[in-house]
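[1] fold the following for me, if possible:
(one chain, ligands or ions: 2)
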Amino acid sequence: MKRTLITNIGSLITVSQKTDSRGNILNAMNDLTIIQDAAILFSDTFEWIGKASEISQEIAVDHFIDAKGRAIIPGFVDSHTHCVFAGNRSHEFARRLRGITYQQIASEGGGILSTVSAVRSASIEELAQQGIELAWKAIEYGTTTLEMKSGYGLSIESEIALLKAIDIVKKEVPIRIVTTFMGAHDIPPEYAGKSSEYVELIINEMLPAVRALNIAEFCDVFTDTGYFSVEDSERILQKAMELGFSCKVHADELSSFGAAEMAGRLKAVSADHLLYCTEAGMEAMKQGGTIATLLPGTAYTLRLPYAPARTMIDHGLIVALATDCNPGSCYTPNMQLILSLACMNMGMSIEEALTSATLHGAYALKAEEQCGSIEIGKSADFNLLNTNSYTDLVYHFGVNHIAKTWCKGIAIQ
Ligand code: NIG
Ligand code: FE
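    Ligands and ions are numbered 1, 2, ... in the order given. Predicted coordinates:
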């Protein structure tokens, strides 16, 4: 692959991973490792990073770019979305603004189940098209790695249709897509009042069928009041781990439910949402090495209290930020907006938010060897901003700051 040299980078925000002398990962969220007046050389991976004045004149380069003093940051890693769905729930959103709660709408058969009925009558191609359009919107705002979950099918056939649609998205868009199976997103209407039978279906039929197709890397469960109990969630995730899936949990989003405690106990890769996470939940996550993925767009949209990010950071948890882009509780694929919400409403610094939206997102997808920071050998996934300071990402809010994006070394916009 051709080699490109970008020079005259006013500030290169590497977000490089920090380790101690034994190679243990350090949680250094305020240290972005910034190189002023920098240059980078890359093919599909980063080959050289440093001060522009220090680059060897002998290096063979195919293509030169002048960054004109602007800043470069890693591509955003959005580690939690439900971007493949059908239908539109703007009417529910409008009702919520008139005071009806998310739970009330769900109990009337709306909410997740209304998307389920739209998904069941859509074709795989229609579902994929929706995912492709949202992925391109995410790219516009600088996302280069995007997780997508199933979970709006809730039958073997429809869950597999969603996963196949995600597989089409993966082939059609130029960014990295990571797939999660979430058959345990809700109890489908045909199993109303028979939730334990649905849990058996997930364990005995859905998980093995998804594994056989080798079509998802993670398994996620919605562990909360009115959805899946801790006991059922634990059985589903144990089976998933036996089959080789890595685990995620939608944890303590609507109530303090013991879900973060379970995620830590199972050493889940991440526990997500955590609006009502307790200190005991935080401690369990720390013991289990579980990443705390916070989704402030959901608290914003549902007008719920934000997750206790500061307490989590002070507790030493590795915090990641993601959009949760979905048709019900947070309909945005824009990671720059998530940075703003995290800083203004969860008390995070810009540096902490940027680390959480890049390197820590990669941890939440077990993808830190490939992406999340600008380091030699990693995939050349990065954004050229149209400003010389990364602080504008939050200070100058509501504006798209991306001038150009590369993923795997290819200019994609
Ligand atoms: O992450 N918590 C569960 N699932 C989504 C909401 C899905 C929906 O309302 O369609 C979430 O918030
Ligand atoms: Fe979610």
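[2] ok, and the closest non-adjacent residue to the residue of the stretch 1-150 of the chain found nearest ligand 1?
    Relative to ligand 1, the nearest point of the stretch 1-150 of the chain is Ile112 (4.5 Å; CB to the nearest ligand atom). Placement of C-beta: from N, CA and C, glycine included. With sequence-adjacent residues excluded and distances taken as CB to CB, 6 or more residues apart in numbering, Ile112 is closest to Asp186, at 4.4 Å.
[3] number of nearby residues for that neighbour?
    23 (other CB atoms under 10 Å).
[4] name the residues of the protein found near ligand 1, please.
    82, 111-112, 115, 222, 250, 253, 298, 324, 326-329 (CB under 6 Å from any ligand atom).
[5] quick check, the residue nearest to Ile112 in contact with Ser150.
    No. Applying CB atoms under 8 Å, one finds Asp186 not in contact with Ser150, separated by 12.0 Å.
[6] ok, the residue in the stretch 301-413 of the chain positioned nearest to ligand 1 to Val116 distance?
    Residue of the stretch 301-413 of the chain nearest ligand 1, by CB to the nearest ligand atom: Gly328 (2.1 Å). Distance of Gly328 to Val116, given as CB to CB, to the nearest Å: 11 Å.
[7] ok, Ser270 next?
    Separation of Ser270 from Val116 (CB to CB): 24 Å.
[8] compare those two and say which is more crowded by neighbours.
    For the pair Ser270 and Val116, the greater number of neighbours falls to Ser270 (30 against 22), based on other CB under 10 Å.
[9] and for the closest residue to Asp44 other than its chain neighbours, the neighbour number?
    The spatially closest residue to Asp44, leaving aside those adjacent along the chain, is Gly409, at 4.0 Å (CB to CB, 6+ apart). By other CB under 10 Å, the residues close to Gly409 number 19.
[10] Thr45 too?
    Neighbour tally, Thr45, other CB under 10 Å: 16.
[11] next one: the one 10 residues further on
    Using other CB under 10 Å, Ile55 is surrounded by 18 other residues.
[12] quick one: the strands in the stretch 51-200 of the chain?
    63-66, 71-74, 76-78, 143-149, 176-184 (DSSP state E, counting those that start in this stretch).
[13] Ala299 should be in a strand, yeah?
    No. Assessed with DSSP: H, G, I helix; E, B strand; the rest coil, Ala299 is helix; it does not lie in a strand.
[14] leaving out the residues flanking it, which one is nearest to His80?
    Ala322 (3.8 Å).
[15] shaky segments in this protein?
    Counting by pLDDT under 70, the chain contains no low-confidence range.
[16] how does it divide into domains?
    The record's domain split for the chain, according to automatic domain parsing, is 4-75+377-411, 77-363.
[17] start to end distance for the shortest one?
    Using CA to CA, to the nearest Å, the end-to-end distance of domain 4-75+377-411 comes to 11 Å.
[18] count of neighbours near Asn390?
    In this structure residue 390 is Tyr, not Asn. The burial count assigned to Tyr390 is 23, neighbours taken as other CB under 10 Å.
[19] ok, and the closest non-adjacent residue to Tyr198?
    For Tyr198, ignoring the flanking residues on the chain, the nearest one in space by CB to CB, 6+ apart is Tyr191 at 3.9 Å.
[20] what sits against that neighbour?
    197-198, 201 (CB atoms under 8 Å, 6 or more residues apart in numbering).
[21] quick one: buried ones out of these?
    Among these, those buried by neighbour count (16 or more other CB atoms under 10 Å) are 198, 201.
[22] can you tell me which of the contacts of Tyr191 is nearest Ile73?
    Tyr198 (42.8 Å; CB to CB).
[23] what's the distance between that closest one and Asn8?
    Counting by CB to CB - Tyr198 and Asn8 are separated by 58 Å.
[24] for Asp232, same thing?
    Computed with CB to CB, the distance linking Asp232 and Asn8 is 56 Å.
[25] go on, Ile376?
    20 Å.
[26] next: Glu369.
    From Glu369 to Asn8 the distance is 30 Å (CB to CB).
[27] and the two? which has more neighbours close in?
    Asn8 (14 against 11).
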